[in-house]
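# here you go, sequence then predicted model.
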Amino acid sequence: MPFCSSRLPVLGVIFLGSAMLAGCGGSGPPKPPPPEVGVVTLQAEAVQLTTVLPGRTESYRASDVRPQVNGIVQRRLFTEGGTVTAGQPLYQIDPSSYRAAVTNARGALGNAQATVASSEALARRYGELVKINAISKQDYENALAAARQVRANVEMQRGNLQDAEINLSRTTIRAPISGRIGISSFTTGALVTAQQTAPLTTIQRLDPIYVDIQQSSADLLKLRQQMLAGQLSGGTTPVQLILETGSQYPIVGQLRFADVTVDPTTGSQTIRAVFPNPQHLLLPGMFVRAKLTQGIQSRGMLVPQAAVSRDPRGRPTALVVGPGNKATLRIITADQAVGDNWLVTAGLKPGEKVIVEAGPLLQPGAPVTPQPWHPSAK
């Protein structure tokens, strides 16, 4: 009995400890809550579609200056690279032979005019004599024909004089248009000829200035189809320029027209815009990038680019919060970027929550705790 009484408390402690261990092992540790993810709720809104395309500047008006008479260049009357106005003298060709031609033509005209009076007087006398049969009718007709020939010769000599004066005036080569003038290809003492292929210089009007933009004909066709289907609405929109330095041109231009033909070698179509250029910052031949608005998607959905990834087949995908707050994978259509977002046209619906920010191990089907996502949280 003493042995038994002394063992009872020890056995009680052993049974109590076993019971506690058994209780702890049966319930286990508490499960962690689903991970929090940042989501955006999709909304259908009007989205302005813009694109950035390459282009080159072209002068608004250009004119090659060529001589219209032959001769030696005596003087150059302009400063290369300066501004000239229409009608301003640019070159002086030796006028000596052309002055002589004017003098000869003027003398020939005076000689022809001097014979007019005598021939007409003779025709009048013959007209009186033929009435009394003092001369034959043939002589009278010959006198009338001679008088007409003299008058015709006067007109011909007057035309010769005008032609000589025109050629003399062309020895002073004048600016056909106003604008900036380039380098002179001929110097004083050079022999120039009428209608030569090489221009003496070139004048270009730089304010305003054209920008020729190249866009794929397939993209333009797609835009036209979307407009015909009512998915896009057009309108006159401004055009912005990004210069070669990466800076933005401070003045906004306007779209002028699209060419009616497609370049068969490049498959592109030319779109022309016009820009004010009061400080002549833009020069012909400069490479620029043009940012222009192509239309407005009336019910577009914008998804942050961080929410879109690609599957092994290259298709764009996004994770959305599905039933039961579980991540669900969607294959979407997102062909155009709008700022930091993708424009989604299929695969998602307004009101759905797209997961933008989540852990790297998040898999489709995993439970999540959605929280509103803000760009500043990135």
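Ah, there it is.
# check contacts around the residue nearest to residue 207 when sequence neighbours are not counted.
Nearest non-adjacent residue to residue 207, counting by CB to CB, 6 or more residues apart in numbering: residue 277, 4.5 Å away. Where C-beta positions appear, they are placed from N, C-alpha and C, glycine not excepted. Listed by CB atoms under 8 Å, 6 or more residues apart in numbering, the contact set of residue 277 reads 206-209, 251.
# for residue 69, see how far away residue 277 is.
According to CB to CB, to the nearest Å, residue 277 stands 35 Å off from residue 69.
# and what about the residue nearest to residue 207, helix, strand or coil?
With DSSP: H, G, I helix; E, B strand; the rest coil as the basis, residue 277 sits in coil.
# and it, what's its pLDDT?
Note for residue 277: predicted pLDDT of 94.
# then residue 338?
At residue 338, the model reports a pLDDT of 84.
# that one contacts residue 302, correct?
Yes. Contact criterion CB atoms under 8 Å: residue 338 and residue 302 qualify, at 6.1 Å.
# higher neighbour count, these two?
Taking other CB atoms under 10 Å, residue 338 and residue 302 do not tie; residue 302 has more neighbours (21 against 17).
# now do the same contact list for that one.
45, 47, 338, 341-344.
# bridging residues for it?
Assessed by DSSP bridges, residue 302 has beta-bridge partners residue 343.
# distance check, it against residue 183.
Relative to residue 183, residue 302 is positioned 52 Å away (CB to CB).
# again, but for residue 121
63 Å.
# in terms of neighbours, single out the busier of those two.
residue 121 (12 against 8).
# mind listing what the more buried one touches?
Residue 121 makes contact with no residue under the criterion CB under 8 Å, 6+ apart.
# quick check: it is in a strand.
No. Judged by three-state DSSP, residue 121 forms no part of a strand; its state is helix.
# what about residue 203, is that helix, strand or coil?
strand.
# tell me who's in contact with it.
62-63, 65, 84, 175-182.
# between the residues you listed, which sits nearest residue 217?
Nearest to residue 217, judged by CB to CB, of the contacts of residue 203 is residue 62 at 27.2 Å.
# tally of neighbours for residue 60?
17.
# one step back: farthest-apart pair in the contacts of residue 302, please.
45 and 342 (14.1 Å).
# between those two, who's got more neighbours?
residue 342 (22 against 12).
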